[in-house]
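Novice: missing the sequence, but the structure's below:
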């Protein structure tokens, strides 16, 4: 028992020590992860030679993840020169509608489609076990959550023709899209559950 | 053997009213119809439903107790709980938010192979032997003699809720607005009586789950779905013995 307590204390002290010293070692903010995007301070500061004021002068707050609170933190804003788009405009740095995977390095989480019907859950976690980003994100799906459901042809009929999910869910690569409906379709009940879950999480912060 | 058959034929038919719906369906699935019960129910006489009892399939169909004999076949595996049927029902029949005329049940089976969830649409089964009408003390709820729809005469309802307890399908709610029990009437008041051919829920379904029609009409889409042997067709809670008119199938 005493031995366990001693080991725990040692572990905590060591962890704290490494955390603090690591913080001193990298004074440029480290990596910021937002959903599927990883922003590396290192590559921008060391690699490009920018200083803090280049970005932390009205474009980004200095608090990690603070831009998430901004209602217009979206690809559209970025295309309009906000946030990352201030530099990623195609002249100063590669355009933000180009080279998606340079920044979007992580799987995109769960996508809950609610058009044309509520609701369909796409899990990046499940699909990236076997496939890379480019398996789907080369023309089939935009790298923008829920973009597909804005298309008029985002229907089961298109899937049966091999479009969208139907490209793989054809009965040979993966189960056919006219079978196992409720594997992907969560319904209104599932939608409310997911939304309720997210709201519950948000209120927890 | 032949003597035995003669012997049975000479006996009094004890009536087929008390044959359970399960048993009846069992025979119907074999292409047989129950024509008699003998010897205290130990011998059930059954003959080919189509060719022997009736001269043709048409005549067989004409033996349904109602004309039209409204029915719904639910392709349960096609349901994705989009609830457009429920929305259409609420809009068409002004259903209050504390009640429902149709709803979707959800069943989760985490250990299942493949699909682990299923959605099951439910509504009033418009039973041939409804318990609700049997227990209603004022006959406010009754079986329409022409089309077999279980209806409400709101002016007679005293709100005792006995029908709710009698219903094996939980298909009734008390409407505070009309101060009476209300229920699905296959959209008779809102649509069928005005010339529409199918219920609002059947029309709203984008996945072809709810097939509405006349079980006695060979040209109706429900007819072939029920009168066939290849694919299983079942009813909810057959043990209640109410002879429901909502059939379920897959595929």
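Specialist: Happy to help now that I have it. Keep in mind that this is a model prediction, so the values were computed, not measured.
Novice: What residues does the closest residue to chain B within chain A make contact with?
Specialist: Here chain A gets closest to chain B at one residue, residue A:187, 2.3 Å apart by Cβ to the nearest Cβ. Every C-beta, even on glycine, is put in place using the N, C-alpha and C of the backbone. By Cβ atoms under 8 Å, 6 or more residues apart in numbering or on different chains, the contact list for residue A:187 reads A:118-119, B:80-83, B:104, B:106, B:119.
Novice: Also residue B:130?
Specialist: B:141, B:143, B:150, B:242.
Novice: where does chain A come near chain B, residue by residue?
Specialist: A:116-118, A:156, A:175, A:180-183, A:185-190 (Cβ under 8 Å from any Cβ of the partner chain).
Novice: of those, buried ones?
Specialist: Using 16 or more other Cβ atoms under 10 Å in any protein chain shown as the burial test, those include A:117-118, A:156, A:175, A:180-182, A:185-190 as buried.
Novice: quick check, nearest of those residues to residue B:170?
Specialist: Among those, residue A:189 lies closest to residue B:170 (Cβ to Cβ), at 17.3 Å.
Novice: Just to be sure, that closest one is in a helix?
Specialist: Yes - checked against DSSP: H, G, I helix; E, B strand; the rest coil, residue A:189 lies within a helix.
Novice: so what's the residue of the stretch 1-150 of chain B found nearest chain A closest to, chain neighbours aside?
Specialist: For the stretch 1-150 of chain B and chain A, the shortest gap (Cβ to the nearest Cβ) falls at residue B:81, measuring 2.3 Å. Using Cβ to Cβ, 6 or more residues apart in numbering or on different chains and skipping the chain neighbours, the partner closest in space to residue B:81 is residue A:187 (2.3 Å).
Novice: still on that earlier bit, looking at the residue of the stretch 1-150 of chain B closest to chain A now. What's its pLDDT?
Specialist: Note on residue B:81: pLDDT of 97.
Novice: how deep is it tucked in, by neighbour count?
Specialist: Using other Cβ atoms under 10 Å in any protein chain shown, residue B:81 has 27 neighbouring residues.
Novice: who touches residue 176 in this structure?
Specialist: Using chain A. Neighbours of residue A:176 in contact, by Cβ under 8 Å, 6+ apart: A:169-170.
Novice: think we crossed wires, I meant chain B
Specialist: Residue B:176 neighbours (Cβ under 8 Å, 6+ apart): B:96, B:98.
Novice: Do me a favour and get the backbone dihedrals for residue 193.
Specialist: Using chain A here. phi -60, psi -50 (degrees, to the nearest 10).
Novice: should've been chain B
Specialist: phi -70, psi -10.
Novice: what does residue B:128 give?
Specialist: phi -70, psi -30.
Novice: quick one: it and residue B:148 touch, right?
Specialist: Yes - using Cβ atoms under 8 Å, residue B:128 is in contact with residue B:148, at 6.9 Å.
Novice: what touches both of these two?
Specialist: B:65, B:245.
Novice: what about these two, which has more around it?
Specialist: residue B:148 (24 against 17).
Novice: who touches the residue positioned nearest the centre of chain A in this structure?
Specialist: In chain A, the C-alpha nearest the mean C-alpha coordinate belongs to residue A:36, at 2.3 Å (Cα atoms, centre = their mean). Residue A:36 makes contact with A:104-109, A:124, A:143 under the criterion Cβ under 8 Å, 6+ apart.
Novice: again, only using 10 Å
Specialist: A:100-101, A:103-109, A:124, A:133, A:143, A:145 (Cβ atoms under 10 Å, 6 or more residues apart in numbering or on different chains).
Novice: what do you get for residue A:98?
Specialist: Here residue A:98 is in contact with A:88, A:90 (criterion: Cβ under 10 Å, 6+ apart).
Novice: again, 8 Å this time
Specialist: residue A:90.
Novice: Give me the phi and psi angles of it.
Specialist: phi -130, psi 160.
Novice: Against residue A:162, how distant is the nearest residue in space to residue A:125 that is not next to it in sequence?
Specialist: Spatial nearest neighbour of residue A:125, excluding adjacent residues (Cβ to Cβ, 6+ apart): residue A:107 at 6.3 Å. Note on residue A:107: its distance to residue A:162, by Cβ to Cβ, to the nearest Å, is 24 Å.
Novice: neighbour-wise, which of those two wins?
Specialist: Higher neighbour count among residue A:107 and residue A:162: residue A:107, with 16 against 13, using other Cβ under 10 Å.
Novice: And the pLDDT at that one?
Specialist: 83.
Novice: Let's verify it: helix, strand, or coil?
Specialist: Per three-state DSSP, residue A:107 ends up coil.
Novice: least trustworthy helix or strand in chain A by mean pLDDT?
Specialist: helix A:2-25 (a mean of 63; mean pLDDT, DSSP states H and E).
Novice: what residues does the next helix or strand after that helix touch?
Specialist: The C-terminal neighbour of helix A:2-25 among helices and strands, as given by DSSP states H and E, is strand A:31-34. Residues from elsewhere that reach strand A:31-34, judged by Cβ under 8 Å, 6+ apart: A:38-42, A:64-65, A:67-68, A:106.
Novice: Now do the phi/psi pair for the closest residue in space to residue A:174 that isn't next to it in sequence.
Specialist: Distances taken as Cβ to Cβ, 6+ apart put residue A:168 closest to residue A:174, at 4.6 Å, once the chain neighbours are dropped. Backbone torsions of residue A:168, given as degrees, to the nearest 10, read phi -110, psi -40.
Novice: How about the one 3 residues further on?
Specialist: With angles defined as degrees, to the nearest 10, residue A:171 shows backbone torsions of phi 100, psi -10.
Novice: how about it, what does it touch?
Specialist: Contacts of residue A:171 (Cβ under 8 Å, 6+ apart): residue A:179.
Novice: roughly how far apart are it and residue A:150?
Specialist: Distance from residue A:171 to residue A:150, by Cβ to Cβ: 27 Å.
Novice: Residue B:238 now?
Specialist: Residue B:238 is 46 Å from residue A:150, by Cβ to Cβ.
Novice: neighbour-wise, which of the two wins?
Specialist: residue B:238 (18 against 10).
Novice: That one contacts residue B:125, doesn't it?
Specialist: No - using Cβ under 8 Å, residue B:238 is not in contact with residue B:125; the gap is 10.6 Å.
Novice: between those two, what contacts are shared?
Specialist: residue B:244.
Novice: domains for the chain, by residue range?
Specialist: I'll assume chain A. With domains defined by automatic domain parsing, chain A comprises A:30-103, A:110-204.
Novice: hmm, I had chain B in mind actually
Specialist: B:2-53, B:70-128+B:184-249.
Novice: can you tell me which of those the model trusts least?
Specialist: Among the domains of chain B, domain B:2-53 carries the lowest mean pLDDT (a mean of 62).
Novice: Good, wrapping up.
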